[in-house]
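Q: attaching a predicted model along with its sequence, questions to come.
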Amino acid sequence: MCIHCIGDITVRKVVEQKGAGFTPEALFPEWEPSLLETYRDLMIPDCFDPAQGRFIASIHTWVVHIDNKIVLIDSCGGNHKERPSAPRFHRQNLPFLQRLAEAGVQPEDVDYVICTHLHADHCGWNTKLVDGRWVPTFPNAVYVFSKKEYDHWAGPAGNTGFNAGVFADSVLPVVESGQALMVGDDAEILPGLSLHSTPGHSVGHMAVHISSKGELGIFSGDIMHQPLQIFRPAWNTVFCEHPEDARAVRQRLLEEAADRAAVIFTAHFANTSAGRVVRHGDGFDWFFV
């Protein structure tokens, strides 16, 4: 299992699922087929399946060991959830908790669960089904949510569309258990771990920064979905709810990561899912680490 170090902080990825997902045309409204050929060595075979003509997406959590605390960043799709509008996550039965245990983490060990946003594939393991009820999977954890994101999905948006039901089964039970912490635009959760408002993909999307001994790591959530966005920062996916904000946030992320030599820990890139950005002419380049 790959372990990354940001100073004294360790980070490892625990995968819920990985496989072929969207076709390029379905994911990117501005798709240019020639770009895939240009970056063929980067994308194939790890990030694009040419036989199926689909991007490969990883759904994973990042386990962060910091200041004697265990922090999970995003909690994947979850088991037994009703997601008819998102078939990949519908009524799953995956051994995610077993994989977490193999990484040395039991549910009761987790101190914080941070959701970059509240889409189905980022907060599903917040809860598990016990005797017909949704209860927090991590009984001793503080769950950190953006207040803007929470308020949005607590309204009518939480009952319709691809994210229908997520608030009711994966967010509200945590609030009712008294384990939720709502934060504003920016917040420090622990020394060396802070949250930063990055709206665009969703109204309350947050990036997570970790810093130690002069090194920086950025958990980007869904600011980017595939490596080709490094070379086309203006490309949004069909899931970016606020397009202009999403483009501006993505550009700022790439500039900051390049200028500060940060490691970006992505939410859906395959391969190692982590990498560095460097400036290349007027744009950027990407290297998996």
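A: Looks like it arrived, so ask away.
Q: did I read that right, Glu244 in a strand?
A: No. Applying DSSP: H, G, I helix; E, B strand; the rest coil, one finds Glu244 to be helix, outside a strand.
Q: give me the neighbour count for it.
A: Neighbourhood size, Glu244 [other C-beta atoms under 10 Å]: 10. All C-beta spots, glycine's among them, are computed from the backbone N, C-alpha and C.
Q: which one is it nearest to, not counting chain neighbours?
A: Gly200 (7.8 Å; C-beta to C-beta, 6 or more residues apart in numbering).
Q: hmm, that neighbour is touching Arg250, no?
A: Yes. Using C-beta atoms under 8 Å, Gly200 is in contact with Arg250, at 7.5 Å.
Q: which residues are in contact with both of those two?
A: Common contact partners of Gly200 and Arg250 (C-beta atoms under 8 Å, 6 or more residues apart in numbering): Ile223.
Q: re the thing from before, help me confirm that the residue nearest to Glu244 is found in a helix?
A: No. If the criterion is three-state DSSP, then Gly200 is coil and not within a helix.
Q: ok, now which ones touch it?
A: Contacts for Gly200 (C-beta under 8 Å, 6+ apart) come out as 223, 240-250.
Q: let's go with 10 Å and repeat that
A: Contact analysis of Gly200 by C-beta atoms under 10 Å, 6 or more residues apart in numbering lists 222-223, 236, 240-250.
Q: so Cys76 sits in a strand?
A: No. Cys76: not assigned to a strand; according to three-state DSSP it is coil.
Q: helices along the stretch 1-150 of the chain, start to end?
A: Under the criterion DSSP state H, counting those that start in this stretch, the stretch 1-150 of the chain contains helices at 24-27, 33-38, 40-43, 96-102, 120-123, 147-154.
Q: distance between the fifth one and the chain's centre?
A: Relative to the centre of its chain, helix 120-123 is centred 8 Å away, using C-alpha atoms, centre = their mean, to the nearest Å.
Q: what packs against it?
A: strand 54-66, helix 166 (3 or more C-beta pairs under 10 Å, 6 or more residues apart in numbering; DSSP states H and E).
Q: circling back: which of the contacts of Gly200 count as buried?
A: Among those, those classed as buried by 16 or more other C-beta atoms under 10 Å are 222-223, 236, 240-242, 245-250.
Q: in those, find the pair that's most separated.
A: Within those, Asp222 and Ala248 form the most distant pair, 14.9 Å apart (C-beta to C-beta).
Q: bridged to Val183, which residues?
A: Beta bridges link Val183 to Ser146, judged by DSSP bridges.
Q: same check, this time on Glu215
A: The partner list for Glu215 in beta bridges (DSSP bridges) reads Ser212.
Q: most tightly surrounded among the helices of the stretch 1-150 of the chain?
A: Stretch with highest mean neighbour count among those: helix 120-123 (a mean of 26; mean count of other C-beta atoms under 10 Å).
Q: could you give the number of residues near the closest residue to Asp121 other than its chain neighbours?
A: Using C-beta to C-beta, 6+ apart and skipping residues adjacent in sequence, the residue nearest Asp121 is Gly77, 5.0 Å away. By other C-beta under 10 Å, 25 other residues sit near Gly77.
Q: can you pull the contacts of Gly77?
A: Gly77 sits in contact with 16-17, 59, 83, 86, 88-90, 92, 94, 96, 119-125, 166, 170, where contact means C-beta under 10 Å, 6+ apart.
Q: now these: which count as buried?
A: With burial judged by 16+ other C-beta under 10 Å, the buried subset of those is 16-17, 59, 83, 86, 89, 92, 94, 96, 119-125, 166, 170.
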